[in-house]
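Asks: Okay, here's the prediction I keep looking at, along with the sequence it came from:
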Amino acid sequence: MKKVFSKNSIVYVLFLLSIILGYAHIINGEFVYDDKNFIVTNYPIKTWLFSRPWDFFLKPEVAVWTGIYRPIRTLSFAIDYQLYGLNPIGYHLHNLFLHFINAILLFSLLIRLFKTHRIPFFATLLFIIHPLQTETVTWVSSRADLFFTTGVLGCLLLYMQFAQSDTLRLKTIFMWNAFYFLALLSKETAIALIPTLLLYDIFFSWKKYHVPMRTICKKRWVFYFVSSIVTLSYMFVRFSLFEKVSQKPYWGGTASANFLTMLDATVYYFKLIVFPINLCIDYSTFPITRQLFGNPYMILNFLFYAALLLLLFFRIQKKDYTTLFFTGFFILFLLPTWNIIPISAILAERFLYVPLIGLFAVISSGIVILMSSKSLFQRPILSLVCMLSAFLIAFTAIRNGDWKTDFTLWNSCAVLYPGNFKAHVNLGSDYHEKGESLKAITENYKLITIKPQYPTAYYNLGNIYWSLGLFEQSEKAFFDAIKLKPDYVEAYNNLGTLYIDKQWNDKARAAFLKGLEYDSSHGNLHFNLGSLYFSGYKDYTRAYYHLHEALKSPEFMRSRRLHQMLANIKEQKNIEDRMKNQSAP
């Protein structure tokens with residue numbers, strides 16, 4: 001291993017410099033978007049690391065949203081919190097370190113496959129500096145993709161080492177499973193690794209190195225058997241922790257619309273790969289295709305897929321098994337994001353972090369073939385590659401600037417896609433936090449124009465009007481939110497608190513109780529209702545009950561104010577009991 005590092009040390013330094021040049025903006029970046037839920041307000045990452053670390057794996061709710069199982073990511077956030085608190089610099093540096101590790105692993109993997117340094121160098125450089133990778137590297141919440149990639153690349157390296165020696169050692173099995181668990185517990189997409197190993201055995205071991213298939217099956221069946229057991233065990237645990245497998249219904253409402261939309265989305269991915277401009281955090285405005293002949297770009301899409309199939313046919317004719325393997329790699333790792341099991345996004349840049357490895361390997365092979373040919377174009381091609389690399393680094397640096405704050409991130413999205421409702425939701429929240437209420441109101445009315453039935457817009461308006469002291473407007477906005485979403489417990493909670501400000505205790509109590517009908521364990525509802533019973537009604541029995549219920553919520557477990565109120569209630573009840581005893585005949 002030392003020889004490998006010393007031999008390639010200059011290359012690794014170049015990779016590190018490329019990362020620094022492209023991602024220097026990340027150092028001053030804040031927590032953005034989901035970072036606030038996964039890190040800033042996530043109570044378990046701040047307290048569970050030493051008291052109950054196993055619950056990161058057994059309690060999926062610490063991932064904040066139902067249907068997401070990313071225990072490795074959540075555990076890493078808990079470790080980061082112990083080291084850096086809520087300073088985002090440490091979290092960003094952790095992501096950069098993982099990106100660099102992935103680059104080293106990828107370079108080593110490609111050297112083993114290509115038996116040369118030039119193709120691996122160009123492919124890894126593209127992997128490092130392409131602007132599409134920015135979302136995965138810069139966004140702290142996307143760390144799961146980084147860990148997942150580390151696990152996948154580690155598994156492939158170990159398997160290729162085993163396949164070339166045909167000696168299966170206990171150490172190899174242990175290390176492979178460690179990497180595989182790292183990948184699986186980071187992201188479900190890791191299941192694509194097993195068919196990728198099959199592709200390697202078909203295109204390299206069997207076709208390229210002419211190892212008989214019978215020999216491959218005889219020597220490697222134990223490996224596949226163990227891997228299958230691990231995969232099935234993971235799937236059993238994963239699905240037993242969640243009631244629902246999918247995150248939403250099919251896009252467009254039907255499987256056919258979902259399929260046609262994903263065909264269009266894949267073409268759009270290639271457009272972003274070739275022209276990495278107008279990048280965005282959210283592509284929810286991507287059009288849904290419900291009919292094959294209703295798509296205005298149908299002919300172009302047909303020509304695109306026809307050209308791809310034609311190229312594949314020629315590579316099969318040429319017996320270019322390396323290109324076929326990496327094409328299969330690209331497809332296998334993109335396929336889980338194709339919404340076969342519907343997920344919450346049609347497309348996302350982070351979905352390409354691993355699949356791009358296959359595409360960049362094929363592109364780099366073509367570049368090296370052109371440079372190796374005896375022609376006058378060798379130097380121009382090299383110059384073009386250098387210019388392209390410089391442009392990609394510059395675009396990556398610019399894109400990192402968009403990720404600096406919540407405002408810059410969502411403002412760039414709103415400028416590109418004015419109809420993106422998530423952009424206006426988050427811009428409105430950002431303006432409200434900054435105290436720019438008029439701009440916050442404007443963003444929420446833009447949101448209502450785009451999506452009139454969206455209750456969060458009215459809820460946000462209620463909070464803004466409340467902060468401005470506009471009681472009637474605030475009350476109406478909360479009512480509008482509840483009308484659109486009758487189980488909107490946060491709206492009931494804030495409406496009740498609004499009534500407390502006006503000293504309308506009966507209305508406040510009714511709002512809190514209504515909210516608890518929909519969520520009987522809501523910490524804030526119990527706390528506010530308990531406080532109301534304590535201060536407004538002097539009903540210490542009910543106050544104690546609701547405050548004690550609030551104590552079960554993670555955000556209140558260490559609340560000094562809550563514990564003090566409970567102590568005051570006990571003291572008050574003791575005083576009342578003593579007074580009753582003294583007045584008794």
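Replies: Arrived safely, thanks for sending.

Asks: contacts, neighbours, all on C-alpha from now
Replies: Will do.

Asks: low pLDDT regions in the stretch 301-450 of the chain?
Replies: 373-377 (pLDDT under 70).

Asks: Apart from its neighbours in sequence, what residue is nearest residue 199?
Replies: residue 325 (6.2 Å; CA to CA, 6 or more residues apart in numbering).

Asks: Is it correct that that neighbour is in contact with residue 205?
Replies: No: the pair residue 325 and residue 205 fails to qualify as a contact (CA atoms under 8 Å) at a distance of 11.5 Å.

Asks: More neighbours: the two, which one.
Replies: The residue with more neighbours, out of residue 325 and residue 205, is residue 325; 22 against 19, by other CA atoms under 10 Å.

Asks: Going by secondary structure, the more buried one is in what exactly?
Replies: helix 321-334 (DSSP states H and E).

Asks: May I see the buried residues of whichever helix or strand comes after that helix?
Replies: The C-terminal neighbour of helix 321-334 among helices and strands, as given by DSSP H and E, is helix 355-372. Within helix 355-372, the residues scored as buried using 16 or more other CA atoms under 10 Å are 355-365, 367-368, 371.

Asks: What are the buried residues along the helix or strand where residue 216 lies?
Replies: Element membership for residue 216 (DSSP H and E) is helix 213-240. Within helix 213-240, the residues that count as buried by 16+ other CA under 10 Å are 216, 220, 227, 230, 231, 234, 238.

Asks: now swap in stretch 28-40 and tell me
Replies: Buried-residue list, stretch 28-40, by 16+ other CA under 10 Å: 29, 30, 31, 32, 33, 35, 37, 38, 39, 40.

Asks: Residue 238 touches residue 69, doesn't it?
Replies: Yes: assessed by CA under 8 Å, residue 238 is found in contact with residue 69 at 7.4 Å.

Asks: if I pick residue 478, what's in contact with it?
Replies: 458, 459, 462, 491, 492, 494, 495 (CA atoms under 8 Å, 6 or more residues apart in numbering).

Asks: The second one - how many residues pack around it?
Replies: Looking back up the chat, that one is residue 459. Residue 459 has 26 nearby residues by other CA under 10 Å.

Asks: ditto for the one 10 residues further on
Replies: By the criterion of other CA under 10 Å, residue 469 has 12 neighbours.

Asks: Which secondary structure state does it sit in?
Replies: Recorded secondary structure, residue 469: coil (DSSP: H, G, I helix; E, B strand; the rest coil).

Asks: Could you check the pLDDT of it?
Replies: The model reports residue 469 with a pLDDT of 90.

Asks: circling back: can I get the buried residues of helix 213-240 in a markdown table with distance to residue 430 and pLDDT?
Replies: Below are the buried residues of helix 213-240 laid out as a markdown table (distance: CA to CA, whole Å; pLDDT from 0 to 100):
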| residue | distance to residue 430 | pLDDT |
| --- | --- | --- |
| 216 | 58 | 78 |
| 220 | 55 | 79 |
| 227 | 46 | 83 |
| 230 | 44 | 85 |
| 231 | 42 | 87 |
| 234 | 39 | 84 |
| 238 | 35 | 76 |
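
Asks: ok, of those, which one's closest to residue 274?
Replies: residue 231 (35.0 Å; CA to CA).

Asks: Number of residues surrounding the closest residue to the closest one other than its chain neighbours?
Replies: Using CA to CA, 6+ apart and skipping residues adjacent in sequence, the residue nearest residue 231 is residue 191, 7.0 Å away. Applying other CA under 10 Å, we find 21 other residues in the vicinity of residue 191.

Asks: Show the subsequent helix or strand relative to the lowest-mean-pLDDT helix or strand in the chain.
Replies: Lowest on mean pLDDT, DSSP states H and E among the helices and strands of the chain sits helix 2-7, with a mean of 55. Downstream of helix 2-7, the first helix or strand assigned by DSSP H and E is helix 9-23.

Asks: contacts for whichever helix or strand comes after that following helix?
Replies: Once the chain leaves helix 9-23, the next helix or strand it forms, by DSSP H and E, is helix 35. With contact meaning CA under 8 Å, 6+ apart, helix 35 is reached by 139, 140, 141.

Asks: returning to that earlier point: for the buried residues of helix 355-372, name the two members farthest from one another.
Replies: Pairwise over these, using CA to CA, the maximum falls at 355 and 371, 25.1 Å.

Asks: Dump the C-alpha coordinates for stretch 185-193 into CSV.
Replies: Output of stretch 185-193 as CSV, limited to C-alpha atoms (Å, rounded to 0.1, in the frame of the first residue of the first chain):
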residue,chain,number,x,y,z
LEU,A,185,-26.4,1.4,5.7
SER,A,186,-25.7,4.6,3.8
LYS,A,187,-28.0,4.1,0.9
GLU,A,188,-30.3,1.4,-0.5
THR,A,189,-28.8,1.8,-4.0
ALA,A,190,-25.9,-0.3,-2.8
ILE,A,191,-28.0,-3.4,-3.7
ALA,A,192,-26.9,-2.7,-7.3
LEU,A,193,-23.4,-3.8,-6.3
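
Asks: Brilliant, that's me finished.
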